[in-house]
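Asks: From the sequence below, what's the structure:
(one chain, ligands or ions: 1)
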Amino acid sequence: MRYDVAVVGSGFSAIAVTIHLLRMLPASASIAIVGDDPGFGRGTAYRTEFYIHRLNVAAGGMSVYPDAPDDFVEWLEQNGRQTSPDGFGTRGDYGLYLRDRLATLLRDRDRRAGVDFLRAKAASCVHCGEAGLVFHLDNGAKLSARNVVLCLGIGNADLPVERGKVDPSVERCIVRNPWRLNWLSKVGQGDKICILGSGLTMLDQVLALRVHGHRGPIRVLSRRGLLPHMHARAGERAPEVRPEFPPSREISALLAGFRRQVRAGADWRGLMDGLRPMTQRLWQELSKGQRARFLRHGLPWWNIHRHRIAPEVFSKVNSLRKDGVVTVHAGFLQAIGEGAHGASVTYIERRSRRHITFQTDWMVNCTGMERAGVAHSPLLRKMQRQGLITEDELGLGLSVDRNARVLDLNEVPRRGLYAVGALTAGQFWEITAVPDIRVQARAVAGDIASRMQ
Ligand SMILES: Cc1cc2nc3c(=O)[nH]c(=O)nc-3n(C[C@H](O)[C@H](O)[C@H](O)COP(=O)(O)OP(=O)(O)OC[C@H]3O[C@@H](n4cnc5c(N)ncnc54)[C@H](O)[C@@H]3O)c2cc1C
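Replies: Have a look, this model is predicted:
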């Protein structure tokens, strides 16, 4: 059988594309969903069952439907959860909401397209032509489809240290992928923990450790030691401020302009929110050199201002810092060797340039998601070797056009092949969170639907 559309992946991007396809395709159409995660749609972000793992976007921004922004808030109300559009629901609830919305569409059997869920991973692409694509799945089956939407996410980043600088005998103390939360059950109550990275992933792990009963010291090490800022509390949110752009697109000029606005009284959060709808266009106007400079110098600052955290999370972590349970250090990891009990970690302190060595029982890699082109995915690596896809010029993900169509070696869109989510960051930059992915998912579904007419 040849499907009209295959959606490859099982996170938010995949469920959002599926939901929009179900609303747009005729009942005669067929969709295959290929993913190995039993909790389809939840992905890394929304499969957590910890109550304390909060959304980092207010409920009013989390509807899967861009044209019905209150949909998630209404779901929360209907399900007896207390929150306002300004409040921050739990990520577990968000996963339930997505599955609920999909289930509602699936129940309408007579009017919707047919859907098959294939529990597998796409292993390789064996044909890519005018009539569609054929994939080998890791369960031995073949899948043929006229249109394919790659929703593979981006992998977990590697440890920021050369492989040779990690003593193989301490691998047992290293948690390379903290999203596999089963590592928590191995941690002793008083164990010393070192978390690499000081962003959202670190905060998640600190909170999960506390819920698991961990009471030992947690040392956080990152290059700059910067932590995400807090969202305004519900009811205290400032209105969006329209950014004023100087004639120059140099990052330094843009930043100087924003600083001027804040000095003149603009609320910085309002300014970041006002910038958001324009970020993709702004990114697309930058030259390759300007984008590279932004990634080199601006990224850590962008991350902490743009990817903010719920006030509840902020105050919990703040009190752990005040109590000395969590300490934050700025420096560069140099080596992980064998220690008296666990591992011995050496880093260069940012300010003093001194080498510092300490002992830890666990080393947890929370340096975030890998923005490393296609390297994280065996499927994409193979497709790249076949010349079916290319990396974008900065190696953030796949080369795609403004309609999220995957480009071939000659920068020509491949018929029927799309990518959705952070994989398309080279073209869109601001495409890692729900408010942006849902718009892209709807546009891709619309493109497919109009081509099928
Ligand atoms: C912890 C965390 C919290 C977040 N919180 C928020 C938030 O509060 N608000 C917000 O807007 N955004 C949040 N985000 C951003 C988040 O990344 C997006 O909202 C969204 O979850 C990304 O989904 P995705 O489907 O693109 O990627 P992923 O969730 O990574 O899903 C990709 C899926 O593809 C599957 N896959 C990979 N390769 C194959 C293959 N070859 N074949 C089949 N399947 C494959 C993987 O197994 C995985 O299930 C958060 C992210 C994280 C990590």
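Asks: Neighbours of Arg237, how many?
Replies: As a burial measure, Arg237 scores 17 neighbours (other Cβ atoms under 10 Å). (Each C-beta comes from the backbone N, C-alpha and C, glycine too.)
Asks: Residues touching the helix or strand bottoming out on mean pLDDT in the chain, excluding its own?
Replies: Least confident helix or strand, the chain: helix 43-46 with a mean of 89, by mean pLDDT, DSSP states H and E. Outside helix 43-46, the residues that touch it by Cβ atoms under 8 Å, 6 or more residues apart in numbering are 9-14, 37, 91-92, 94-95, 98, 153, 179.
Asks: got the buried residues for the longest strand anywhere in the chain?
Replies: Taking DSSP state E as the criterion, the chain has its longest strand at strand 326-338. The neighbour-count check on strand 326-338 (16 or more other Cβ atoms under 10 Å) flags Val326, Val328, His329, Ala330, Gly331, Leu333, Gln334, Ala335, Ile336 as buried.
Asks: Pick out the most distant pair among the residues you listed.
Replies: The distance between the two most remote of those (Cβ to Cβ) is 23.4 Å, for Val326 and Ala335.
Asks: counting contacts, what elements does the helix or strand containing Ser450 pack onto?
Replies: Using DSSP states H and E, Ser450 sits within helix 434-452. Applying 3 or more Cβ pairs under 8 Å, 6 or more residues apart in numbering; DSSP states H and E, one finds that helix 434-452 contacts strand 2-8, helix 12-24, strand 142-150, strand 413-419.
Asks: Contacts only, for the residue of the stretch 101-250 of the chain found nearest the ligand.
Replies: Using Cβ to the nearest ligand atom, the point where the stretch 101-250 of the chain gets nearest to the ligand is Gly153, with a distance of 2.3 Å. By Cβ under 8 Å, 6+ apart, the residues touching Gly153 are Gly9, Gly11, Ser13, Gly43, Thr44, Met369, Gly421, Ala422, Leu423.
Asks: In TSV, list those residues along with distance to Ser450 and neighbour count.
Replies: What follows is the contacts of Gly153, written out as TSV (distance: Cβ to Cβ, whole Å; neighbours: other Cβ atoms under 10 Å):
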residue	distance to Ser450	neighbour count
Gly9	23	29
Gly11	25	26
Ser13	20	31
Gly43	28	23
Thr44	32	18
Met369	32	18
Gly421	21	30
Ala422	25	24
Leu423	23	30
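Asks: can I see the domain layout of the protein?
Replies: Under the assignment automatic domain parsing, the domains of the chain span 2-155+370-452, 163-229+308-365, 251-306.
Asks: now for those domains, which one comes closest to Glu244?
Replies: domain 251-306 (5.8 Å).
Asks: right, is the closest one up against the ligand?
Replies: No - using Cβ under 6 Å from any ligand atom, domain 251-306 never reaches the ligand; the gap is at least 11.5 Å.
Asks: What of stretch 44-52?
Replies: Yes - Stretch 44-52 is in contact with the ligand by Cβ under 6 Å from any ligand atom, via Thr44, Ala45.
Asks: Pull out the buried positions in that stretch.
Replies: By neighbour count on 16+ other Cβ under 10 Å, the buried set for stretch 44-52 is Thr44, Ala45, Tyr46, Arg47, Thr48, Phe50, Ile52.
Asks: on that earlier part again, and the contacts of Gly153, which is closest to Ala145?
Replies: Gly9 (13.7 Å).
Asks: do you know how far the closest one is from Pro178?
Replies: Between Gly9 and Pro178 the computed distance is 21 Å (Cβ to Cβ, to the nearest Å).
Asks: before we move on, back to that, the ligand: which of the helices and strands packed on helix 434-452 is closest?
Replies: Among the helices and strands packed on helix 434-452, helix 12-24 sits nearest to the ligand (Cβ to the nearest ligand atom), with 3.5 Å.
Asks: hmm, that closest one touching the ligand?
Replies: Yes - using Cβ under 6 Å from any ligand atom, helix 12-24 reaches the ligand at Phe12, Ser13, Ala14.
Asks: can you pull the contacts of the first one?
Replies: It stands for Phe12. Phe12 touches Gly41, Arg42, Gly43, Ala45, Tyr46, Leu98, Gly421, Val434, Ile437, counting by Cβ under 8 Å, 6+ apart.
Asks: what about it, distance to Ala422?
Replies: Using Cβ to Cβ, Phe12 is found at 10 Å from Ala422.
Asks: picking up where we left off before, out of the domains of the chain, indicate the one that is most buried.
Replies: domain 2-155+370-452 (a mean of 19; mean count of other Cβ atoms under 10 Å).
Asks: Return the distance of that domain from the chain's centre.
Replies: Relative to its parent chain, domain 2-155+370-452 has a centroid offset of 12 Å by Cα atoms, centre = their mean, to the nearest Å.
Asks: Now do the end-to-end distance for it.
Replies: Domain 2-155+370-452 has an end-to-end distance of 14 Å (Cα to Cα, to the nearest Å).
Asks: One more: stretch 135-148?
Replies: One end of stretch 135-148 sits 10 Å from the other (Cα to Cα).
Asks: same question, stretch 104-122
Replies: Span of stretch 104-122 from end to end, Cα to Cα: 27 Å.
Asks: likewise stretch 23-40?
Replies: First residue to last in stretch 23-40 (Cα to Cα) measures 18 Å.
Asks: Tell me the spacing between Lys316 and the ligand.
Replies: From Lys316 across to the ligand, the span is 16 Å (Cβ to the nearest ligand atom, to the nearest Å).
Asks: can you pull the contacts of that residue?
Replies: Applying Cβ under 8 Å, 6+ apart, the residues contacting Lys316 are Ile52, Leu207, Arg210.
Asks: And the one helix or strand the last one maps to, what does it pack against?
Replies: Counting by DSSP H and E, the element that carries Arg210 is helix 200-211. The elements that helix 200-211 packs onto, with contact taken as 3+ Cβ pairs under 8 Å, 6+ apart, are strand 193-196, strand 218-222, helix 311-322.
Asks: So for that helix, mean pLDDT?
Replies: Across helix 200-211, the average pLDDT comes to 94.
Asks: Now do that helix against helix 311-322: the angle between them, please.
Replies: Counting by axes from the mean of the first three to the mean of the last three Cα atoms, to 10 degrees, helix 200-211 lies at 70 degrees to helix 311-322.
Asks: Relative to the whole chain's centre, how far out is helix 200-211?
Replies: 17 Å.
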